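Asks: with the sequence up front, the predicted model follows.
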Amino acid sequence: MDICQLSHLTTGYRTGQGVKTISQGLDATLPSGQMTCLLGANGTGKSTLLRTICGFLKPLCGHVSVAGREVAGLSAREMSRLVAVVLTDRVEIPNATVTELVQLGRSPYTGFMGRLGSDDVAIACRAMQQAGIWHKRHQTVTSLSDGERQKALIAKALAQETPLIVLDEPTAFLDLPARVEIMQLLRSLCSDKGVSILMTTHDLDLALQMADRLWLLQPDRPLVTGSPEDLMLQDAFAAMFAQSGIEFDIRTGLFQIQHPYRHHIAVKGHGFGYVLLRRALARLGIRTVGYGGGQALWIDIRGIDVPEFAVMYDAHPLLVSPSVERVVSQVVDAMASMPMAKHMNVSNDAII
Ligand SMILES: Nc1ncnc2c1ncn2[C@@H]1O[C@H](COP(=O)(O)OP(=O)(O)OP(=O)(O)O)[C@@H](O)[C@H]1O
């Protein structure tokens, strides 16, 4: 079953100057109990789409439904029982402790006075434990690290007990271990608690490894949706990052910088040593091509598990070293003293 559905949705803003359309013709479904990452370049309208799904913005056209109910027809209270929202830029109550913040998640269920029952207190405690922030429950939110604050906000969303949690860039400002920890926490909420998650992120590699599904938002194009692997097979990322200096490497499943190549060098060998050498040379605008026997300057990779590199010139080694840095430096020196024609004019045919 799908927890959320977009049909022919147009998002945008009604401003004093008129209507500003951001995205149009969006069709997508969000399967229950899965983690979906919404990806797109800066300014493509990810946050605008999230705000529309959460009911903060009215669709300019088309429909959004959550748990089978049209969002436009729901009150704020009804929405708060269906969707919990974690926004990075939202200012929470100053001086609140973690416990007080998380207990705010119970407000859709508390009465007019907002008084918590024993069930509410227990649910908030459980949410803090599940989000891994229980040990900080007495601390003020402002005294937390960025990663801990994110966990506290996730605990508040959990305490809200909604079938859908929407997060806008929950991994922004976090270092890699903290980003991975937050993504793993969100994944475990999907698999252990059956929560559905929709989040935006600029963490492409993490999203590819952790998300069940991706939504790719691009200007003036339909929303592309699917599992990361199916989207790789469809080459969906190439179009998304065309002309952006990033390319998707189908061999590694990772995004790579598109280096402007000015030179090339022949390399004989493969394995981890080759991968590292190729990276280091690419940074300097030198593309590796296959060794065909005719090149004057080339690199011979000897050994697979413990690679050693020989920089060869006219069949003689200029340098033999296990250090990629030294080898690259030797190649640059050799190229500087070689006739230009020998290493310019990169040929696409020869690329390995
Ligand atoms: N309140 C607003 N009124 C009018 N236009 C707005 C408003 N908020 C955002 N926009 C515009 O909507 C467009 C999309 O912004 P949005 O924040 O949704 O993009 P985004 O994909 O989330 O970007 P980022 O990755 O940088 O966070 C931008 O051109 C932005 O200027």
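Replies: Received it, and whenever you're ready, just let me know what you need.

Asks: quick one: the helices in the chain?
Replies: 46-53, 76-80, 98-104, 118-130, 146-159, 176-193, 204-210, 228-233, 236-240, 272-283, 324-337 (DSSP state H).

Asks: run the chain-centre distance for the first one.
Replies: Looking back up the chat, that one is helix 46-53. Mean-position distance between helix 46-53 and its chain equals 17 Å (Cα atoms, centre = their mean, to the nearest Å).

Asks: is that helix up against the ligand anywhere?
Replies: Yes. Under the criterion of Cβ under 6 Å from any ligand atom, the ligand is reached by helix 46-53 at 46-48. Heads up, the C-betas are built off the backbone N, CA and C, glycines and all.

Asks: turn the residues you listed into a markdown table, including pLDDT and neighbour count.
Replies: A markdown table is the format used below for those (pLDDT from 0 to 100; neighbours: other Cβ atoms under 10 Å):
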| residue | pLDDT | neighbour count |
| --- | --- | --- |
| Lys46 | 95 | 23 |
| Ser47 | 94 | 20 |
| Thr48 | 96 | 20 |
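
Asks: count the neighbours of the nearest residue to Ile154 once chain neighbours are set aside for me.
Replies: Leaving aside its sequence neighbours, Ile154 sits nearest to Ala131 (Cβ to Cβ, 6 or more residues apart in numbering; 4.8 Å). By other Cβ atoms under 10 Å, 26 other residues sit near Ala131.

Asks: before we move on, what about Val267?
Replies: Using other Cβ under 10 Å, Val267 has 23 other residues around it.

Asks: surely it and Ile286 touch.
Replies: No. At 10.2 Å, Val267 does not count as touching Ile286 under the criterion of Cβ atoms under 8 Å.

Asks: Gln258 and Ala211: what is the separation?
Replies: Distance, Gln258 to Ala211, using Cβ to Cβ, to the nearest Å: 24 Å.

Asks: sorry, that was for Pro219
Replies: Noted for Pro219: a distance of 22 Å to Ala211, by Cβ to Cβ.

Asks: the more surrounded of these two?
Replies: Ala211 (25 against 11).

Asks: got a list of what the more buried one touches?
Replies: Counting by Cβ atoms under 8 Å, 6 or more residues apart in numbering, Ala211 makes contact with 35-37, 228.

Asks: among the residues you listed, which lie within strands?
Replies: Secondary structure assignment by DSSP state E places 35-37 of these in strands.

Asks: ok, Val85 - contacts?
Replies: Per Cβ under 8 Å, 6+ apart, neighbours of Val85: 50, 54, 157, 165-168.
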